[in-house]
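Trainee: My questions concern the predicted model and sequence given below.
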Amino acid sequence: MQLPTPWRLGIAPWLFSFAILLPVLQFVLGSQDSWPTLGNGLQQTIQWDHYSLVINGERIFLFGGEMHPFRVPVPEVWEDVLQKIKAAGMRMVSIYTHWGFHAPTPGKVDFDTGAHNLTRFLEMARDIGLYVLVRPGPYINGELNAGGMALWATTGAYGDVRSNGTAYTEAWTPYQDGMAQLVKAFQLTENGTVIMYQIENEYANQWRDVGAKTPNPEAVSYMEKLEENARRNGIVVPTIHNAPGQGGRSWSRDYDTGHAGGDVDIYGLDSYPQCWSCVTEDCGTIKDFAIADYWDHFQQVSPRQPPMMPEFQGGAMNPWDGPAGGCKERTGPEFVNFYYRDTIAQKVTTLNLYMIYGGTNWGWLAAPFIGTSYDYSAAIAEDRSIDAKYYEIKNLGLFTRVAHELAFTERVGNGTAYTNNTAIFVTELRNTDTGAAFYVLRHAITSSTSTEYFMLYVNTSAGNFMVPQIEGATVLSGYESRITAVDFHFGNNTLIYSTAEVLTYAIIDGHSTLVLWVPTGLSAEFYLQGVVNGTISAHAGAQGITFDKRDKGVVVGFTQPEGMFVLDFDTGVRVVLVDRKTAYKFWAPALTKDPKVPVNQTALVIGPYLVRSAALDTDTICIFGDSNGTTPIPIQVFTTAATSKIRWNGKDLATTRTAHGTLQATILPPAAFTLPKLGPWKSQDSLPERRPAYSDSSLAWADANHMTTPSATKGTTPYLYADEYGFHTGVRLWRGYFASTAASIVTGAFVSVQGGTAHAWSAFLNGQLVASFLGDASMPIGNLTISFPSGALYDSDKDGRENVLLVMHDDTGHDELNAALNPRGIFNATLFGSGSGGARRQFSRWKVAGTAGGASGVALDPVRTLYNEGGLTAERLGWHLPGFDDSLWPAGSPREHSADAGVRFYRTALDLAVPDGLDVSLAFRFVTPPSNSTAYRAYLYVNGYQFGRFYPAIASEDTFPVPPGVLDYSGDNVVAVAVWAQTELGAAVDVELVLRYAVGSSFSTKFDGAYLRPGWGRERLLYA
């Protein structure tokens, strides 16, 4: 609704505003029964309507964030991340689960081993107090290898993926059965916290013609099979789907007026307004701070359902050719402040950030276009650190958690007529039950960087005002958004309006403590109903505080310094005023496991780097969190009068009570941590397969002899498609045998390898390097015509032996969507030469090796899974694992230049002794020494886990965080590096251990993670 400018009509602006809006308000407030409350008929706990989800009869604004348990393969670290999500004011965590990770072979599923144990995850979420949105696919995208589908299902033998075909249905059924059966016991209806279950992912295929609503029967059948599976296995919570954009309009019952079928309970829309990639060209033209119209889309597609965004941009993935370290500044605090408030202005009441924590593409989890890091520029970084972006999210999260009236609003109006400055655009939301309003302010031109001064017209229960009334004009700087609350009810009190934003509030000993924040140095005011007198009981340089008595209360004006000051009022209400910097370290830990977090079940804590949780123990408040820095940190707590002591991470602090009734104490700096050095190293050759005398008769090798293929992609025969032989990830080794005689001389070969973008390959003829495709971030196929050097070939008649061409390639992952069926391996291997015997210039046979056990379907490492390793000798024989005996290996460091092409493997031990009470984040940095070639690749292994792929000729990524649990923080660790020199120049690389952060923490990194680090076994010797 666009309001005309009042000055052009020649009437008083406030009177105009009231005159225009009063009939609108009367209409809105009288229309609250026009939208039905809906459910799925399977339970009554979770319902919904046009406005919001309704849980046990209570409306809820649901703010959450995405993490992927499989991207941090340490269940104990899940708890750290979940606690940080909860501390940010969020009520929900959303998770993808990974078909391929849980079902490494056909017909078998694993929900128990190591990081496969999702029962532990759902128990943690329940105990921490977070609702859970479960998103099991079977296709999940996520910038993952084959989009998360089982890699064995990508050969073509199961037909089209994401289809209703019988073979494909039978492929995914055991995994979907297992997921639904596992989740069943953790639904909110079963005293768990799972509240929604997603069917498929970004599958906008319901319509062959969207406008005409012409159904796509195959897609409808596929969706119905997935939903039937969920329901048959006990899922009763609402099902949802996430549309990848506004064009598809799929799976909403409201839009499906012809009952085409396949619809879910609640429709959702994904949006990445500043591009999901750090390389914005991947998204076309991106305009700074441009916004989309979500509201009209929801009204067209799902008007009877709550506006839901299962994925709203929380960062961006960084492809191979992206900037070093990602693009966190593009989705930093300004982005958070602006865009997330814009979704509120568009009445979104379920907002899930993708990602809140990205994690790591360890092993070969990633899609071809991305490397090891899945930091995603998220608020919780890959190394688990938090910064201003996280705190900005927390500020909004705490507000949405207490702004109960926000879950039931109408958009009364919007436009530039709400202020005396047309450069400001305002959207007014008003609660249809209570009359509370939320004015969401931004620049009319969203890309503007100007600083604007204005006064806002508000309609309140106490009258219609142009605010501020007693302070100077409100200031809004470029890319900034703000929410002005009107008739905001907190406890038994009413905030008639505030030009400072509401941060949070709590009810302590029956009295309300309201926290407001405003940027440092700016003026603001608030009007508090029902009070007569106010006093300043604590201040930090507060300037010009004015108490102005009015008919219905007191208007308080102030200029906010850095820090906090506290105002007490005669009714027992307490108002705490803070600036942004102080608000960042202002926490509201729950004293309950209830994800709703009732306002009388919270404490308020100011000071620490992080407050994870709190609990009351007779006269003591026990607070758990993190502290950083090298100097003592003051902590202040608003809590009950009966509480007199602060206990921080299990230690009682010397506590005093302030004049304004809070408890205060000092947290000592965390213990120091000394970073150990890496080394000495040992070394061994890891490519004996290049030598003609090497025997490829072990269990490691499969005969590559398929003369037919289920793949739609055809090539030279035999078909050399690795997945058909049981090898799905990492490095593959192909040994092709051929004869060369005087009558039929082989002079070279044409080789075409498809390994995904950024893949590489090297070819060795009888042990000699003859070619390397170094890789390209934009090329999924590497083609080379190879001329064999004179003297490299055996004369098969004379020497009585065949020649061996070894082709070694890495596989950067399967493509996503239906392109997951694109094979990986050698498309074309054609010999050419001279002489009359052209028909003899063919390969006589091929052998292939990959992940140990792959050829026979044996999982040698069910904890780390097939995604962890490929077919290097070092991997097959378990040199990367703890317990392997390298005592006979010679000394050798990756820093020392290797003189030729091939693969060299290096091992060292790292002894860690992290002090108790310290959370340390460690990473490994790779650096190419000066004047050395970058034509090499290096793979990092830590206690058996492949946790880094360093491609210096392709990408800028050079630092690889490794979490506790993969690292043993109180013992010996095995660190190993495989270096693939792609040219005869050889390779050298420095490997450094770096400290990302060290904080005092209640999160213990000293847990027993040995179960996650299984060691070497003699069965590995069978795969030489």
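Mentor: Okay, I see it.
Trainee: hmm, who's touching the longest helix along the chain?
Mentor: In the chain, assigned by DSSP state H, the helix with the most residues is helix 166-184. For helix 166-184, contacts defined as CB atoms under 8 Å, 6 or more residues apart in numbering pick out 97, 99, 102-103, 106-109, 111, 118-119, 122, 134, 136-138, 150, 153, 157-162, 190, 194, 197, 225-226, 229-230, 232-235. For every residue, glycine as well, the C-beta is placed using N, CA and C.
Trainee: Can you flag which of those residues belong to strands?
Mentor: V134, V194, Y197 (DSSP state E).
Trainee: doesn't V236 make contact with the last one?
Mentor: It stands for Y197. No: counting by CB atoms under 8 Å, Y197 does not reach V236; the two are 9.1 Å apart.
Trainee: Can you give me the buried ones in stretch 403-418?
Mentor: For stretch 403-418, a neighbour-count test (16 or more other CB atoms under 10 Å) marks 403-418 as buried.
Trainee: where's the nearest residue to T757 once chain neighbours are set aside, which helix or strand?
Mentor: Excluding the flanking residues, the one nearest T757 by CB to CB, 6 or more residues apart in numbering is P368, at 4.5 Å. P368 belongs to no helix or strand when assigned by DSSP states H and E.
Trainee: Tell me, how many residues neighbour P368?
Mentor: 25 (other CB atoms under 10 Å).
Trainee: did I read that right, V77 in a helix?
Mentor: Yes: using DSSP: H, G, I helix; E, B strand; the rest coil, the assignment for V77 is a helix.
Trainee: Any stretches of this structure with poor pLDDT?
Mentor: Residues of the chain meeting the criterion pLDDT under 70: 1-33, 539-543, 836-840.
Trainee: Show me where it has its helices.
Mentor: Assigned by DSSP H, the chain shows helices spanning 6-9, 13-29, 75-87, 99-102, 118-128, 166-184, 217-232, 295-301, 333-345, 388-402, 580-584, 796-799, 873-876.
Trainee: Quick one: those helices as TSV, columns for distance to A693 too.
Mentor: Below are the helices of the chain laid out as TSV (distance: least, CB to CB, whole Å):
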stretch	distance to A693
helix 6-9	91
helix 13-29	84
helix 75-87	46
helix 99-102	37
helix 118-128	48
helix 166-184	41
helix 217-232	52
helix 295-301	66
helix 333-345	60
helix 388-402	57
helix 580-584	65
helix 796-799	13
helix 873-876	15
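Trainee: Quick one: closest of those helices to K1006.
Mentor: Closest approach to K1006 among the helices of the chain (CB to CB): helix 75-87, 10.0 Å.
Trainee: Please say which of Y197 and V236 ends up with more neighbours.
Mentor: Shown here are Y197 and V236; by other CB under 10 Å, Y197 has more neighbours (26 against 19).
Trainee: what sits opposite the more buried one in the beta ladder?
Mentor: V134, T239 (DSSP bridges).
Trainee: so A125 sits right up against I195, yeah?
Mentor: No: A125 is not in contact with I195 according to CB under 8 Å; the separation is 10.8 Å.
Trainee: Please identify every residue contacting each of these two.
Mentor: Y131, V132.
Trainee: which residues are in contact with stretch 315-323?
Mentor: By CB under 8 Å, 6+ apart, stretch 315-323 touches 143, 272, 274-279, 282, 326-328, 330-331, 355, 358, 369-371, 373-379, 757-758, 777-778, 951, 954-957.
Trainee: how near is the nearest residue to P333 once chain neighbours are set aside to Q246?
Mentor: Of all residues not flanking P333 in the chain, E392 sits nearest, at 4.2 Å (CB to CB, 6+ apart). Note on E392: its distance to Q246, by CB to CB, to the nearest Å, is 27 Å.
Trainee: Same check on H102?
Mentor: Where Q246 is concerned, H102 sits at a distance of 32 Å (CB to CB).
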